[in-house]
Structure formats: structure tokens, C-alpha cells
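[1] The following comprises the amino acid sequence and a computationally predicted model.
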Amino acid sequence: MNNGWQKRHLLGIQGLSATEIEQILTTAASMKEVSQRPIKKVPTLRGKTVVNLFFEPSTRTRTSFEIAAKRLSADTINLTANTSSLTKGETLVDTARTLEAMAPDVIVVRHSVSGVPHLLARWVRCSVVNAGDGMNEHPTQALLDLMTVKERKGKIQGLKIAIVGDVAHSRVARSNIWGFTKMGASVRVAGPRTMLPLEIERLGVEAFDRVESAIEGVDIIMMLRLQLERQDGAYFPSTREYARFFGLDLQKLRQARPDVMIMHPGPIHRGIEIATEVADGPYSVILEQVANGVAIRMALLYLLLGQGNEDTNP
Amino acid sequence: MKIRILNGKLIDPGSSHEGEFDLLIENGKIAAIERQGAIPKQEGETIDAKGLAIFPGFVDLHTHLREPGEEYKETVQTGCNAAVAGGFTTICCMANTHPVNDHGAITEYILGKAREANGVHVYPIGAVSKGLQGEELAEIAEMREVGAVAISDDGRPLMNGNLTRRAMEYARNFDLPMISHCEDKNLSSEGVMHEGYWSTRLGLPAIPSASEEIMVARDILLAELTGAHLHIAHVSTKGSVDLIRRAKERGIRISAEVTPHHLILTEEALQDYDTNAKVNPPLRSEKDRQALWQGLKEGVIDCIATDHAPHDINSKNVDICQAAFGMIGLETAFSLSLRLVESGTLSLSELIEKMTIQPAKLLGLPAGTLSMGSPADLTLVDGSRTFRYYASLGGSKSHNSPFDQCEFKGKVVMTLIAGQVVYTEKKDDKKD
Ligand SMILES: [Zn+2]
């Protein structure tokens, strides 16, 4: 049975339509059901090979993809930057050719430089899934965020979301800006001006200097992880000052609606971008986000590879 | 040895020729420029230029030949091959070789290689600072004595204002222009493209316009202080054009060049993370591009220069942050620039002026015009022919062009240096 999915790669949310996002979310909901069965495995992708190609360490995302692939019975190969085939001096094209020899069906790629999945997609025959590229996109994170919001709020259309922190360097922020705006939510961004990129408004968002005003009246607050090394680039003076003026604590939270939902892509710097009482508080859906990650990744692998597997739909 | 070039349309702004003229070449020099039919039949060769334009060989003030040091990217010889394929007969090569062209022996080495090549006049540009380190002055006078025509630390911007000042004073002393690659390295930092909407959208580290403009402003003030001739390389922003315009109005000795790629492409060219569109200065916004057209038209920007920057495939088949800056440009310069004529911004004669006599004058080169007795360095161009450009079929050793396989109008058909045919278009090209 053809599942109706047309795209070969998932390089970003930017290239998806609202209908396609909807289809992924619907598929993910049925995948979540698989994960709740006593035997969490279906034969859908038996005989398919998923390569996890991680140039940047990320246990969370890699594990999530690996679990997703295994629940669909695909074989997985993990390659990280320190394995021999990804030695320094090898060009990306060399890497692509090496991978081609393994005849994978999907390459899941994470890289510290924006655009690497796009370049890779040009050189390989299989599907490429972006598991985070530089500051550009982290589409599966945005999809799982959309899924979590949809589960909690019953809809995305018409909601208000504030994305707070280092927007400039955040692929999570970019993917979520694309995702939430495409799905009809209105998006605000806030953070120190050093971390709001030029002309961000042209992505269809409203930019705020102060966290307090950005979170006023919103349905969702998404806090971004602060990369501590940004202090060296003069993006902020100290973690102490950052926490006080841009971190989410109970004090600032008073500006928000009582039913506000708080998200964070993890891992959290407790006491910096988000106070512990807030992270562990009743509004936080951080653990649900992790659970939905597996479902979203199963859905994607299924949509990209499931075509033609008549008898094995979940 | 005599050659007649008949039935062509000569455009030579340097000698104010524009129209149907026949040329007689004797012993490599122009012996006659006459109304069509006026040159009697002679012994020797005849080139029928019917339907073709005849231009003085183009002059490029900004070429990177990679010899010595990176001969796998380009040699003096392959660079000269690329030059003639693009209609250039005179090129000035930047000092960022390995070792750097910062003393007379290296200058002489490059000139020696050029003598073994196809006849293209190669004028080396000496380094400003030893090893392009921006710390001590290079041996500028000695390089000039050997044949350097300007000084520049292109590729390694001079961050030290005091050294820049001293270099200008010293250059003035020896009547050499100082060519400035204007970039504040602290502001450009790790940037790979122009900072603006597209860098925000693509999530790439970016270079603000201010990185260039601050240094243009600094160098203008230093040119005013020292009285040196300052030439601004590859102007890329509207702000720079405005600064140069005002400096010229104030009578400061300043000139400027723009590359064909900055005239034609914008930051949008990076949208698929094409490493071949990664250049320094970066491709800017549409607003900047329009200001460059305007600046060129008004004469605020004096000439077109290629910034031909060959890189091997391994320097480009990597992620965009690791990829080298630069694209080749000698072979596409004319076809790209012709779009300014097509759009009505420049007349053909104005364009040719900016590719021949103007750049030659800026550095005082004996080139760029065809008067009686001058060397017969010229190029024949079919201005109406469309063709597909294949970077891999060109003269350059490297193929790093974002224009690979693009359709162009206006093709260089033949190039002569001192009356010798040094380039004829390959037969295969005609299929397209
Ligand atoms: Zn330069």
C-alpha cells in the first residue's frame, strides 16, 4: 500500500507543506500506539537499513532514531565522527561514496554545519533525514514539538508561542518557526539582541527584547538551550546575568497565562535558561517531548520507506 | 608577417573607435585601422570577422594565479589559458601565493613562468606586508623594480591601521597604487555569507556589510592623510559605493573595481548551500547589487575585475564552513557583464571601457587600447551567440564556478596577442 508520501528526503520543515506536516503527525499518533504495546515491534521495515551518521555527538537524538528504526524492524548502523570511515581530511563526497557502498535506505545525518544534509542528498541515492544541521534546522525536533502541542491543546492553529533564548544559533528555533507558522500558530521570539538574527521578522515572527513581554498571553513558551561558549563571542556577559534577564523563573512566569505550556528541547541547563522549579513544574511537558520523539521518527521512517510494503502496515 | 582582420565591428573606447573598421597587423603591431574595404589586399593571413565585435584584449586587475605553491589549483600557464578564453590579454596577479610574492625573487619567478606561457601580459601585484602577516612592510621598492605594478595584501586584510598608513606612504613614494581588500576580520569572524535575511533563513554564520564599509572608510581617510592612490578591490555593498562616491567628490585619489559575480548574483545564490557561491566578500543583497550597477554606471566604480580564484574540487566538496572562498571568473567575465548592456544600464562601449582602457589606466599599464603602433592584443566576440558554459571544458585548471552549465549570451571566439592567435573557440562549443 502506498502511503501517499511524495518526498524522498526530510531536509527541513521549510520544505514541507502544512498537509505534509499533518500527515506526519497523524502517522506518528498511530506509531505511538505501537510503542505502548507489550511487544513494541512491527515488521514494517524488515530488510531496510538505516544509517545514523553523526558528525556531532548527540546521544538523545541518535538513540531516539535507533529505537524508532528498531521498532519498525529496520537494521541500524551507527557511524560517529570518530569511527574510522569518517576520518579527517575525507571530503563529504568521499563519505557519501563510502555510505553508498553499504546500500542504506535512509541516512540520518547530524552535522555541526548548516546544509550538510542538503549536500549529502545531492550525492547519494537513498533518503536523507536531517537530524540537526548547524544552525539551520532540526526538523524531527520541531515535529515532535508540534505533536506534543497538538496532543495537549488539541490544535495548533491560532495558538501563540514564544520561543526564548539564543534564536540566532538555534536550529530548533528555526525549525519550530517554520513549523508553527505553517500550522497557523503565531510565533514570537525573544532573547538578547545579540542572539536574534537580522531580519528575523521576515520569517513571519514578532521579535521581543524582553522575555516578560514576549510571554504575556502566550499558550506555549519554548525555552532554548544556551550554549555556554557563546559568552566568549560577546553574546552575553555571564550566565548569571543571562539567567536573571532571559531565563524563565517563577517570577517571570507570573506574566504568562495560568495554563501556559513550557517546552525545552533538552538537555536543560537548570538554573540558567530555565529554573528548576519551572522545569519540573506542572506546566512542563519536557518528558512528553522525549516520548513523542520516537513516534515522530518512526512515522518519518515509515513514510519515507514504507511505500510498497503492502502487508506490513502497523 | 601581416594579418588583416576584415568586416568586424571595432569598439575601442581608448582610441574612440566605434564602428565598422578593418585592421592591419604588421609584426604584431597595429599598422592600420581603416574604414571597411580601405585596406588593400596583402600577402599574409586574413581573418573574416563578419558578425563579430573586435575589442582590445581585456585587462584584469584582480587574478589569483596559484603559482608558486598551489599548482594543483592553477599555474601561471593555465591561468593565462583561462584568460585568453575569456578575451583577456593582460592580467594582474595577486600576491597570496606560497611563498607570498613579498620580494623581488618571487616577482621574478612569476614573470619567468609568464614568459613561458601563451603571451598574456602578466603583471604581478606585490604584497604589502611580509608573508601577508600584516606586521612588517614587504620589499615593495624591489618588487616594483622587477615589475610589480601595485601592492596588495588581498585575501589577508590589513587590520593594522598604522601599517596600512605606512604602506600607503611608502607606495606613494614609488608611485604604486595600494589595492585594498576591505574587511574587518573581527566583524566577519567565521562568516561564510552576507548577513541578512538569507543568512538568517539558512542558519549560516554571516558577514555584515559593515565589515567591508568600516575598512573602506578607514582606507579612504588614510588615503587622504597620505595622498596615496587607493584602489578598492571587489566593492560589494551599497555603503561602500556611497563612501567611495563621497571620497571622489572630495578629490581623494581613489578608484574601485567590482566583480562580475557581485554584479549578477545575490546572497540567494547560497540557498542550496552551493559552496561555489561562497566568495569573499560575500554575494550581497539585491539592494547592494543595484547600487553596484548604479556605481558602475556613474563611474564611482571605475572598472570590472574578475577576482578569478581557482580552487580544486577537494576545497569545495566539503561543508560550506570548511569550503574555500572564491570562484573562477576569467572565462565568464564578459558574458556575465554583457547583461548590464542587455538591460540598458551600460552601452557596449561603456562596458568595454571598463574592461580595457579603464583598468589599464588605473595601474598605468600599456594595454587596453588599439592605436597605431600598439601591440595587436585583441579579442573577437560574437555578441549575439548563446552557449552553455561548462567550467570543466575551460582553460583554468579549477572548475569552481556557480555558473557551470549556465546559458550565456556573448561568446569570445578568438583572442590574439601581438598579432598571434592564442585562442580560438573549440569546435565542440559550437553545437550549443
Ligand atoms: Zn580579495
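    Nice, thanks for sending it over. Numbers count the residues shown, from 1 in each chain, chains lettered A, B, ... in the order given.
[2] in chain B, which spans are helices?
    Remark: helices assigned in chain B by DSSP state H are B:76-85, B:104-115, B:140-146, B:161-173, B:185-188, B:197-202, B:209-226, B:238-249, B:260-264, B:286-298, B:333-342, B:348-355, B:357-362.
[3] and the longest one, which residues are buried?
    The one in question is helix B:209-226. B:209, B:211-220, B:222-224, B:226 (16 or more other CB atoms under 10 Å in any protein chain shown). Every residue, glycine included, has its C-beta placed from N, CA and C.
[4] Within reach of chain A, which of these are there?
    Applying CB under 8 Å from any CB of the partner chain, the subset of the buried residues of helix B:209-226 adjacent to chain A is empty.
[5] right, and out of the residues you listed, which lies closest to B:Gly251?
    B:Glu224 (9.0 Å; CB to CB).
[6] you'd agree B:Glu213 is up against B:Lys238?
    No. At 9.1 Å, B:Glu213 does not count as touching B:Lys238 under the criterion of CB atoms under 8 Å.
[7] mind listing what the closest residue to the ion within the stretch 151-300 of chain A touches?
    Going by CB to the ion, the ion is nearest to A:Leu198 of the stretch 151-300 of chain A, at 23.6 Å. Taking CB atoms under 8 Å, 6 or more residues apart in numbering or on different chains, we find A:Leu198 in contact with B:Glu195, B:Gly196, B:Tyr197, B:Ser199, B:Thr200, B:Ala206, B:Pro208.
[8] Excluding chain neighbours, what is closest to A:His264?
    A:Met223 (4.8 Å; CB to CB, 6 or more residues apart in numbering or on different chains).
[9] pLDDT at the one you found, what is it?
    We note a pLDDT of 96 for A:Met223 in this prediction.
[10] Pull the number of nearby residues for it.
    26 (other CB atoms under 10 Å in any protein chain shown).
[11] Give me the pLDDT for the spatially closest residue to A:His111 that is not a sequence neighbour.
    Distance criterion CB to CB, 6+ apart; nearest residue to A:His111, sequence neighbours excluded, is A:Phe55 at 4.4 Å. For A:Phe55, the pLDDT comes out at 90.
[12] Now A:Phe55: phi and psi?
    phi -80, psi -10 (degrees, to the nearest 10).
[13] pretty sure it contacts A:Ala81?
    Yes. Applying CB under 8 Å, one finds A:Phe55 in contact with A:Ala81, separated by 4.7 Å.
[14] For the stretch 201-350 of chain B, give me the ranges with low pLDDT.
    Within the stretch 201-350 of chain B, not a single segment meets pLDDT under 70.
[15] The ion contacts on that one?
    Residues of the stretch 201-350 of chain B that fall close to the ion, judged by CB under 5 Å from the ion: none.
[16] Would you mind finding the most buried of the helices of chain B?
    helix B:76-85 (a mean of 27; mean count of other CB atoms under 10 Å in any protein chain shown).
[17] And the contacts of that helix?
    B:60, B:63, B:65-67, B:74, B:89, B:91, B:93, B:110, B:113-114, B:116-120, B:122, B:308, B:310, B:328, B:330-331, B:394-397, B:412, B:415, B:417, B:422-423.
[18] repeat that for 7 Å
    B:63, B:65, B:67, B:91, B:110, B:113-114, B:116-118, B:120, B:122, B:308, B:328, B:330-331, B:394-397, B:412, B:415, B:422-423 (CB atoms under 7 Å, 6 or more residues apart in numbering or on different chains).
[19] What of stretch A:264-275?
    Here stretch A:264-275 makes contact (CB under 7 Å, 6+ apart) with A:60, A:141, A:165, A:172, A:223-226, A:239, A:242-243, A:247-250, A:276, A:279, A:286.
[20] Filter those residues down to just the ones in strands.
    Among the contacts of stretch A:264-275, the residues falling in strands (DSSP state E) are A:Met223.
[21] Counting neighbours, what do you get for the residue of the stretch 101-250 of chain B found nearest the ion?
    The ion sits closest to B:His181 of the stretch 101-250 of chain B, with a gap of 3.7 Å, by CB to the ion. Residues contacting B:His181 under the criterion other CB under 10 Å number 23.
[22] tell me the contacts of it?
    B:Ser152, B:Asp153, B:Asp154, B:Gly155, B:Pro157, B:Ala233.
[23] Kindly recompute the last result at 6 Å.
    B:Asp154, B:Pro157, B:Ala233 (CB atoms under 6 Å, 6 or more residues apart in numbering or on different chains).
[24] can the residues you listed go into a markdown table with extra columns for neighbour count?
    Formatted as a markdown table, the contacts of B:His181 follow (neighbours: other CB atoms under 10 Å in any protein chain shown):
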| residue | neighbour count |
| --- | --- |
| B:Asp154 | 24 |
| B:Pro157 | 21 |
| B:Ala233 | 25 |
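[25] Would you mind giving these as JSON lines with distance to chain A added?
    Formatted as JSON lines, these follow (distance: CB to the nearest CB, whole Å):
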{"residue": "B:Asp154", "distance to chain A": "26"}
{"residue": "B:Pro157", "distance to chain A": "20"}
{"residue": "B:Ala233", "distance to chain A": "25"}
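[26] quick one: contacts for the single nearest residue of the stretch 201-314 of chain A relative to chain B?
    Relative to chain B, the nearest point of the stretch 201-314 of chain A is A:Arg202 (5.1 Å; CB to the nearest CB). Under the criterion of CB under 6 Å, 6+ apart, the contact list for A:Arg202 reads B:Tyr197.
[27] neighbours of whichever residue of the stretch 101-250 of chain B sits closest to chain A, just the number please.
    Relative to chain A, the nearest point of the stretch 101-250 of chain B is B:Gly203 (3.5 Å; CB to the nearest CB). Each residue near B:Gly203 was counted by other CB under 10 Å, and the total is 24.
[28] Ok, the one 4 residues further on next?
    Other residues within reach of B:Ile207 by the criterion other CB under 10 Å amount to 26.
[29] thought it was touching B:Asn280?
    No. At 7.9 Å, B:Ile207 and B:Asn280 do not qualify as touching, with contact defined as CB atoms under 6 Å.
[30] Count the residues that sit near the closest residue to B:Ala85 other than its chain neighbours.
    Closest residue to B:Ala85 apart from its sequence neighbours, by CB to CB, 6+ apart: B:Gly395 at 4.3 Å. Using other CB under 10 Å, B:Gly395 is surrounded by 20 other residues.
[31] quick one, phi/psi of B:Gly395?
    phi -80, psi -30.
[32] cool, and B:Thr259?
    The phi/psi pair for B:Thr259 (degrees, to the nearest 10) is phi -90, psi 150.
[33] what does B:Ile39 give?
    phi -90, psi 120.
[34] Could you list the domains of the chain?
    Let's take chain A. A:18-136+A:293-305, A:139-290 (automatic domain parsing).
[35] wait, I meant chain B there
    B:2-54+B:373-431, B:56-362.
[36] Need the distance between the two termini of the last one.
    Spelled out, that is domain B:56-362. The first and final residues of domain B:56-362 sit 16 Å from each other (CA to CA, to the nearest Å).
[37] I'm done for today, thanks for sticking with me.
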